[in-house]
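Student: coordinates for the following, if possible.
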Amino acid sequence: MIVVQKYGGSSVGDVERMKRVAERIVGTRNEGHDVVVVVSAMGDTTDELVDMAARINRRPPQRELDILLTAGERISMSLLAMAIDDLGVSARSFTGSQAGIITDTVHGKARILAVTPERVREALDAGHVVIVAGFQGVSRDTHDITTLGRGGSDTTAVALAAALEADACEIYTDVDGVYTADPRIVPAARKVERLSYEEMLELAAQGAKVLQVRSVEFGRNHGVRIHVRSSFNSSEGTWIVPQEDMVEDAIISGVAHDTSEAKVTVVGVPDRPGVAAGMFTALADANINVDMIVQNISSEGRTDISFTLPRGEIDQATELLDARLPEIGAERLIVNPSVAKVSLVGAGMKTHPGVAARMFAALSRAGVNIQMISTSTIRVSVIIDDAKVDDAVRAVHAEFGLGADALIEEQGAG
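Tutor: Presented below is the predicted three-dimensional model:
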């Protein structure tokens, strides 16, 4: 029985934590499992490397930045292998490329194309615990080192679990599981025992930081059951499972928020076929991820188009669009970096009308103005002023009775 475990940066943040993680891994091994461990960089190592690069070059070449950033995971994997060896168990560490993580050529946010884990299998067959550096792979076409974006170690772990046909993929982090909202904003938020892949995909995409979106996609596409749990205790966490494994659909599963987005408005766009397509194709070709898009009603042959994108990509996007304004025939760009996204997610909302109306009413009572709205069958998202994000999350969470206190009251009434 193969178990894949992933440990985040806070779980291996210093030597003592590294030793505790090694003890947990050896404990799993002693229970009779073959263990593959994916590890992130220690603590804030990645941020420190990014800052160092920025002090040397404001826009460092992405290829060189990828090579730099993968150093953090290499340090973690080797130290963890040493800690396991010190406990009397043999361990072998591998970089992402050595472990067979094959990606496309997009530096900084590469996608996994294939996993060829022959060396990992050989090491398991030889009786070793295998440690793999997360967040990294190697391009199939250029053979360059690539990174998978923030949270990429989650995707490494789930991809390896799929390739190895592991029985489970355990994602160890500094929280006990997935909560109905960020407990730092809503202290009464409660842990969710089970979520479907679809619900977790929406929560992750809308700002929940527990899992990277691509890791959930990989789990859904390959049927990998994911267990999100704390590295600091042995409590059961949150299981991410297929829809058919859900006992029932909760109307609302949680409230997610994202303060890392910005809003761009292209003013005075000619209202003719192909203009929007050309604009967003240019952004896509630059690997700029656009989220919500709203086009205003046309007036006198012109319209405004607003969209959101990651704040870190504002400079690149505005530079690209500014150069195309004469070609597009638009008047100007307006950039607002001070926005946030708040989303309500739940598989049950597709059969319960009025969810959006209740959400909007709760925001109104909290004095929160809505700038943009986007929906799916199981999600309602709004763009608001980022100064109001805490108020918005608390208001929506309370409106739908998602807190632990509400659950206790409900059980008491039953």
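Student: quick check: E73 touching G152?
Tutor: No - the pair E73 / G152 is not scored as a contact, 9.4 Å apart, by C-beta atoms under 8 Å. C-beta: built from backbone N, CA, C; applies to glycine.
Student: tell me, what's touching these two both at once?
Tutor: Common neighbours of E73 and G152, counting by C-beta atoms under 8 Å, 6 or more residues apart in numbering, are G134, F135, Q136.
Student: and what about the residue lying closest to the last one once chain neighbours are set aside, helix, strand or coil?
Tutor: The one in question is Q136. Nearest in space to Q136, with sequence neighbours left out and distances taken as C-beta to C-beta, 6 or more residues apart in numbering, is G96 at 3.7 Å. At G96 the chain is in coil, as set by DSSP: H, G, I helix; E, B strand; the rest coil.
Student: in the stretch 1-150 of the chain, where is pLDDT below threshold?
Tutor: Along the stretch 1-150 of the chain, the model assigns pLDDT under 70 to no residue.
Student: and the helices in it?
Tutor: 15-30, 45-56, 62-86, 118-125 (DSSP state H, counting those that start in this stretch).
Student: other residues contacting the last one?
Tutor: Helix 118-125 is touched from outside by I2, D34, V36, R92, F94, Q98, A99, G100, V130, V132, L160, L164, with contacts defined as C-beta under 8 Å, 6+ apart.
Student: just the buried residues of the residues you listed.
Tutor: I2, D34, V36, R92, F94, A99, G100, V130, V132, L160, L164 (16 or more other C-beta atoms under 10 Å).
Student: who's in contact with the first one?
Tutor: When the contact criterion is C-beta under 8 Å, 6+ apart, the partners of I2 are H33, D34, V35, V36, L124, A161, L164, E165, A166, D167.
Student: now do the second one
Tutor: Residues touching D34, when contacts are defined by C-beta under 8 Å, 6+ apart, comprise M1, I2, V3, L124.
Student: return the set of buried residues in stretch 320-335.
Tutor: L320, L321, L325, I328, A330.
Student: now the end-to-end length of it.
Tutor: 13 Å (C-alpha to C-alpha, to the nearest Å).
Student: find the nearest non-adjacent residue to G88, please.
Tutor: Excluding the flanking residues, the one nearest G88 by C-beta to C-beta, 6+ apart is V26, at 8.0 Å.
Student: the one you found: neighbour count?
Tutor: By other C-beta atoms under 10 Å, 19 other residues sit near V26.
Student: any idea how far V186 is from it?
Tutor: Distance, V26 to V186, by C-beta to C-beta, to the nearest Å: 37 Å.
Student: can you pull out the helices in the stretch 251-400 of the chain?
Tutor: Under DSSP H, counting those that start in this stretch, the stretch 251-400 of the chain gives helices at 275-285, 314-328, 355-365, 389-399.
Student: want to try CSV for those helices, with mean pLDDT and distance to A208 as columns?
Tutor: Formatted as CSV, the helices of the stretch 251-400 of the chain follow (pLDDT from 0 to 100; distance: least, C-beta to C-beta, whole Å):
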stretch, mean pLDDT, distance to A208
helix 275-285, 91, 25
helix 314-328, 92, 23
helix 355-365, 96, 17
helix 389-399, 97, 12
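Student: ok, the residue nearest to V3 when sequence neighbours are not counted - contacts?
Tutor: Leaving out its chain neighbours, the residue that sits closest to V3 by C-beta to C-beta, 6+ apart is H33, at 4.6 Å. Neighbouring residues of H33 by C-beta under 8 Å, 6+ apart: M1, I2, V3.
Student: the last one touches L164, doesn't it?
Tutor: I take that to be V3. No - in this structure V3 lies outside contact range of L164 using C-beta under 8 Å: 9.8 Å.
Student: rewinding a little: out of the contacts of H33, which is nearest to V267?
Tutor: V3 (54.1 Å; C-beta to C-beta).
Student: burial of that closest one, as a residue count?
Tutor: Neighbours of V3 (other C-beta under 10 Å): 21.
Student: likewise G149?
Tutor: 17.
Student: tell me how far it lies from E331.
Tutor: From G149 to E331 the distance is 34 Å (C-beta to C-beta).
Student: please spell out which residue in this structure sits farthest from the middle.
Tutor: Within the chain, E300 marks the point farthest from the mean C-alpha position, 41.7 Å out by C-alpha atoms, centre = their mean.
Student: any idea how far K388 is from that one?
Tutor: The separation that E300 has from K388, given C-beta to C-beta, amounts to 34 Å.
Student: my read: T105 touches D144, true?
Tutor: Yes - counting by C-beta under 8 Å, T105 does reach D144; the two are 7.3 Å apart.
Student: okay, those two: which has more neighbours?
Tutor: The neighbour count for T105 versus D144, taken as other C-beta under 10 Å, is higher for D144 (17 against 14).
Student: find the nearest non-adjacent residue to the more buried one, please.
Tutor: That would be R63: by C-beta to C-beta, 6+ apart, it lies 5.9 Å from D144.
Student: likewise for A163?
Tutor: V115 (3.8 Å).
Student: what sits against the one you found?
Tutor: A99, G100, I101, I102, A159, L160, A162, A163.
Student: recalculate using a threshold of 10 Å.
Tutor: With contact taken as C-beta atoms under 10 Å, 6 or more residues apart in numbering, V115 is in contact with 96, 99-102, 137, 156, 159-164, 218.
Student: repeat that for Q98.
Tutor: Here Q98 is in contact with R92, P117, R119, V120, V132, A133, V138 (C-beta under 10 Å, 6+ apart).
Student: cool, G13 as well?
Tutor: By C-beta under 10 Å, 6+ apart, the neighbours of G13 are S40, A41, M42, G43, D44, T45, S76, D174.
Student: output these in CSV, with neighbour count and distance to V382 appended to each entry.
Tutor: Below are the contacts of G13 laid out as CSV (neighbours: other C-beta atoms under 10 Å; distance: C-beta to C-beta, whole Å):
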residue, neighbour count, distance to V382
S40, 29, 32
A41, 27, 34
M42, 22, 37
G43, 18, 34
D44, 14, 32
T45, 19, 35
S76, 30, 38
D174, 12, 28
